Each structure stands twice: as structure tokens, then as C-alpha cells.
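**Q** Give me a model of this one.
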Amino acid sequence: MALVVQKYGGSSLGDARSVKRVAKRIAEAKRAGNDVVVVVSAMGDTTDELLDLAQQITPLPPKRELDILLTAGERISMSLLAMAINNLGVRAKSYTGQQAGLITDAVHGRARIVDVVPHRIRETLNKGQVAIVAGFQGVTKKTNDVTTLGRGGSDTTAVALAAGLDADVCEIYTDVDGVFTADPRIVPNARKIEWASYEEMLELAASGAKVLALRSVEYARRYNVPMHVRSSFSAHEGTRVSSKEMKPQKLKESTMEAAIISGVAHDRSESKITVVDVPDVPGSASRIFEVVARTGANIDMIVQNVSGASTGLTDISFTLPGSDGPAVMAALTAVQTELGFHSLQFDDQIGKLSLVGAGMKSHPGVSARLFAALRDAGINIEMISTSEIRISVVTRADSLDDAVRAVHTAFGLDGTDGEAVVYAGTGL
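**A** Coordinates of the predicted model:
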């Protein structure tokens, strides 16, 4: 008997028929002798619809009230799924994040899980029942207010529960057959990755791959929770994500050395801000990014030009989520005179491409091949950032798809097994 935590995304629960199909899969897992905990997202586009409704009421809804509203989507999913499972003769009970013991900090809209106290979930499992938990939500310890976890919150809920329950595996069900070497919508012949280390998956998720949320992979690595990314629409094996020590034996035996490149990720959601003519003196960059930090924005890539010898001025460019751009521009504009820079430039027409692979650090020439592929495709590079297992570049947004295809082919990642299938159209 294994303890399995399963998570189903909104595309897997799009309508009543889909809910019944998922219920059948869960019932089969329970009848196979497993203890099963299920985490669900809101059905289809429910969250977006609730956000739109709130915007029709007020352009600036109070964050506490917005969290209460948005958690309704997952509660609908959990109750309907519990009904469907019970209808199949398998006993199931649904729980909100609060009832499941997911304790968070008090940051509405993007709360972080600080503790998991799953007493009621354990009681349900001990009674031989399936526990259904609403993802994306928790509760603060001091005020007992409902909070939401932000993008990918249901993935994070599932991994946190798997860690708190010491589950054997956390299965993430989506509408693709696993993690691919590139987005199948852009590269139809992308290959499925059979296994990835936590580190590789972290870089892919941070670079724009949408199959797994970054925070869920961070949590899985911290608590060594094995993850299994699968499609809820097929019985295919999927992609396993774990520590190197837990890599499946058959994969250890099949290759003497890890593949150089795991995949090519892309991200269209970032924007670039350039601070023009910054005095090139000690402390200038620090003061700029202290202002940025106070807005709560997450900075990705940073480039500072060499200052002109005659002017003593430099430009500093950085990328950040596009949604954070207006607040950062306003904050920097307010201190322009104090910081002494000339002007600000905002660019929301950029795209980021990232090449990821643990093998690249021991293989020379990876950067040269990447840049040659982009050159041959006629694509200009605006910014470059690297880590031990990743190289990221910023290009124009309208050339990003061509860049992904060119790099994917240049590194021999194109598959020969036909086109990858996206069953429900979202990849989430």
C-alpha cells in the first residue's frame, strides 16, 4: 500500500464529464490498495471569471475579500469531485485548505505555507476514505483569515500535503503527457523528458516552463518529495522529478552520462526597465534596487553597461514580471531627482529563452552553439544571464517562437515519435 497525493488542474476538471472521468481514475487508485489524497484547482476558467466579476464591482478590491472570493472556485471543484467519487462506491470527503490544516503567512494574494497540520486528512485516510482538498488556499494562524497562494498554488498545496503526510509520491495531473524538451504548442516534435532532477526542473520552471509551478518544485526539493507529472487524459508514464539518488534504476542503466541539455523554456510574461544615465559611483545600484525591493517586485536579469569615461554615467537594465512594471516605474520616478538618473525606459515586448541542462557545465561549447543557432535564425540577443545549468537570453517577443525552434533543433532535441499531444489546450 502506498500513500499517493494527486493534484488535478483546472483543465482536467473543465466540466461535469471531466469531473466524472477524474473521479474514475481516483477510485481505481483507491481500489488498487492505495491511500489517496487529492488536491484540486478551480474548474476551467472559474478563477479568471471570478476576477473579472470582482473588477466589475471595483477596480481595486480589498485583498482580503478577493481571497475569500477566489477560494470559491476550488471549493466547487472539491465538493463536486467528492460527490462523483462517492457515486462510484468509494467513500470520499472534501476539505477546504483551512480544514486540511494548511497554515500560511498573512500576505493575501500570494501567501506562503508556513506549516501543515493535516490531522483531519489523516483521520479520513485511517477510515479508508479518499480526502479531497481545495488547492490554492490556506489560513493565517493569528487572524484565521483565508488566504490564497498565488499562481501555481494548487501544485504547492499538493507538494506541501505530500511532505506533511510523508507520502510516497506526489502526482501532478495536467493536460500533457509530462514535461517536454520545449512547449509542444511551439515545437510539435518536442520530446518527453522521462526524468529530471529537482535542480533542472527548478531552472525550467523559473524560466517559463508552465507544467510545474516553481514554488512546488522548491518545496519538493526541500522536503525530498518525489513528483510524477502525468496527463489526466491518458495512461502514459509521464515525467518523474526527484533527487539524483532517487533516479529510476532503468534510466541509470540506460545512459552512462546525463544528457547535456534537458530542455528549452521560454517566457513572455516579463518586461524590461532601463534606468538611463545613472551616476557610476559606489552605492547607485544599491539605492535603485532598494527602491525596487520596496515594491515587492521580483527581479530576474540585471545588466549594467560600462560607463563612459567622459560622462561617468551608465545604464542599468533589469527584467521583472510585466505585472510589476507599473509599480516599479512609479516608485523610481518618485525618486529620480534624489538618485540623479536621467530617465526611465519601459519595454514590454521582450521574450526570454532559457537553455537548461545539468550536463552543460561539463561540456564546453554550449554557449557558442546557442549563440550560433540564434545568429543563423537572424535573432538578436539583448541580455544574457547564466547559472551552472542554465543560459538565458532576452530577445524580441515576436521572434521568441522562432528562437525556441532554432535552439531546440540545434541541440538535437527534436523527437521522432510524432507530435506531442496537448489534450485540453492549456498545458496546466
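
**Q** pretty sure G322 contacts S271?
**A** Yes - counting by Cβ atoms under 8 Å, G322 does reach S271; the two are 4.3 Å apart. Yep, even glycine has a C-beta here, placed from its N, CA and C like the rest.

**Q** Common neighbours of those two, please.
**A** D348 (Cβ atoms under 8 Å, 6 or more residues apart in numbering).

**Q** between those two, who's got more neighbours?
**A** Taking other Cβ atoms under 10 Å, G322 and S271 do not tie; S271 has more neighbours (20 against 15).

**Q** Check what pLDDT that one gets.
**A** We have a pLDDT of 97 for S271.

**Q** check contacts around it.
**A** By Cβ under 8 Å, 6+ apart, S271 lies in contact with 319-322, 325, 346-348, 350.

**Q** Most neighbours out of these, which is it?
**A** For these, the largest neighbour count, defined by other Cβ under 10 Å, is 25 neighbours, found at T319.

**Q** so what's it bridging to?
**A** Taking DSSP bridges, one obtains K272 as the residues bridged to T319.

**Q** Touching, it and D300? I think so.
**A** Yes - counting by Cβ under 8 Å, T319 does reach D300; the two are 4.5 Å apart.

**Q** Report the set of residues contacting both of these two.
**A** Common neighbours of T319 and D300, counting by Cβ under 8 Å, 6+ apart, are 270, 352.

**Q** before we move on, the earlier item: format the contacts of S271 as CSV; extra columns: secondary structure, pLDDT and distance to G359.
**A** Formatted as CSV, those follow (DSSP: H, G, I helix; E, B strand; the rest coil; pLDDT from 0 to 100; distance: Cβ to Cβ, whole Å):
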residue, secondary structure, pLDDT, distance to G359
T319, strand, 97, 26
L320, strand, 96, 30
P321, strand, 94, 30
G322, helix, 95, 32
G325, helix, 96, 35
F346, strand, 97, 37
D347, strand, 97, 33
D348, coil, 96, 34
I350, strand, 97, 28
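
**Q** Specify which member of those is nearest to L102.
**A** For the contacts of S271, the minimum distance to L102 (Cβ to Cβ) is 24.8 Å, reached by P321.

**Q** Just to check, the closest one is in contact with T295?
**A** No - the criterion here is Cβ under 8 Å, and P321 misses it with T295 at 11.2 Å.

**Q** burial of I193, as a residue count?
**A** As a burial measure, I193 scores 23 neighbours (other Cβ under 10 Å).

**Q** from memory it sits against G178, does it?
**A** Yes - using Cβ under 8 Å, I193 makes contact with G178 at a distance of 6.6 Å.

**Q** Find residues that contact each of the two.
**A** Overlap of the contact sets of I193 and G178 (by Cβ under 8 Å, 6+ apart) consists of T239.

**Q** ok now do S77, which residues does it touch?
**A** 13, 19, 40-43, 46, 134.

**Q** SS state for L70?
**A** helix (DSSP: H, G, I helix; E, B strand; the rest coil).

**Q** In the stretch 251-400 of the chain, what residue spans correspond to strands?
**A** For the stretch 251-400 of the chain, the strands defined by DSSP state E, counting those that start in this stretch cover 263-267, 270-279, 302-304, 313-321, 343-347, 350-356, 383-387, 390-396.

**Q** In which helix or strand does V107 reside?
**A** Counting by DSSP states H and E, there is no helix or strand that carries V107.

**Q** And for M201?
**A** For M201, the host element (DSSP H and E) is helix 198-206.

**Q** what's the burial count for N380?
**A** With other Cβ under 10 Å as criterion, N380 counts 12.

**Q** List the contacts of the nearest residue to it once chain neighbours are set aside.
**A** Of all residues not flanking N380 in the chain, T395 sits nearest, at 6.6 Å (Cβ to Cβ, 6 or more residues apart in numbering). Contact analysis of T395 by Cβ under 8 Å, 6+ apart lists 350-353, 374, 379-382, 403.

**Q** what about 10 Å?
**A** By Cβ atoms under 10 Å, 6 or more residues apart in numbering, the contact set of T395 is 266, 350-353, 374, 377, 379-383, 402-404.

**Q** Isn't T157 up against L149?
**A** Yes - under the criterion of Cβ atoms under 10 Å, T157 makes contact with L149 at 6.8 Å.

**Q** who touches both of these two?
**A** Taking Cβ under 10 Å, 6+ apart as the criterion, T157 and L149 both touch 97, 102, 113, 135-138, 216.

**Q** As PDB, could you dump the C-alpha coordinates of stretch 108-127?
**A** Provided in PDB are the C-alpha atoms of stretch 108-127 (Å, rounded to 0.1, in the frame of the first residue of the first chain):
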ATOM      1  CA  HIS A 108      -3.100  38.000   0.800                       C
ATOM      2  CA  GLY A 109      -2.900  37.000  -2.900                       C
ATOM      3  CA  ARG A 110       0.500  35.300  -2.700                       C
ATOM      4  CA  ALA A 111       0.700  33.700   0.800                       C
ATOM      5  CA  ARG A 112       3.400  31.200   1.600                       C
ATOM      6  CA  ILE A 113       2.800  28.000   3.500                       C
ATOM      7  CA  VAL A 114       4.500  28.000   7.000                       C
ATOM      8  CA  ASP A 115       3.100  24.800   8.400                       C
ATOM      9  CA  VAL A 116       0.900  21.800   7.600                       C
ATOM     10  CA  VAL A 117      -1.200  20.200  10.300                       C
ATOM     11  CA  PRO A 118      -3.200  17.500   8.400                       C
ATOM     12  CA  HIS A 119      -5.000  15.900  11.400                       C
ATOM     13  CA  ARG A 120      -8.400  15.600   9.700                       C
ATOM     14  CA  ILE A 121      -6.800  14.300   6.500                       C
ATOM     15  CA  ARG A 122      -5.100  11.500   8.500                       C
ATOM     16  CA  GLU A 123      -8.300  10.700  10.200                       C
ATOM     17  CA  THR A 124     -10.000  10.400   6.800                       C
ATOM     18  CA  LEU A 125      -7.300   8.100   5.500                       C
ATOM     19  CA  ASN A 126      -7.400   5.900   8.600                       C
ATOM     20  CA  LYS A 127     -11.200   5.400   7.900                       C
END
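
**Q** Tell me the buried residues in that stretch?
**A** Across stretch 108-127, burial judged by 16 or more other Cβ atoms under 10 Å covers 108, 110-111, 113, 116, 118, 121-122, 124-125.

**Q** Now do the same for A259: its pLDDT.
**A** Reported pLDDT for A259: 59.
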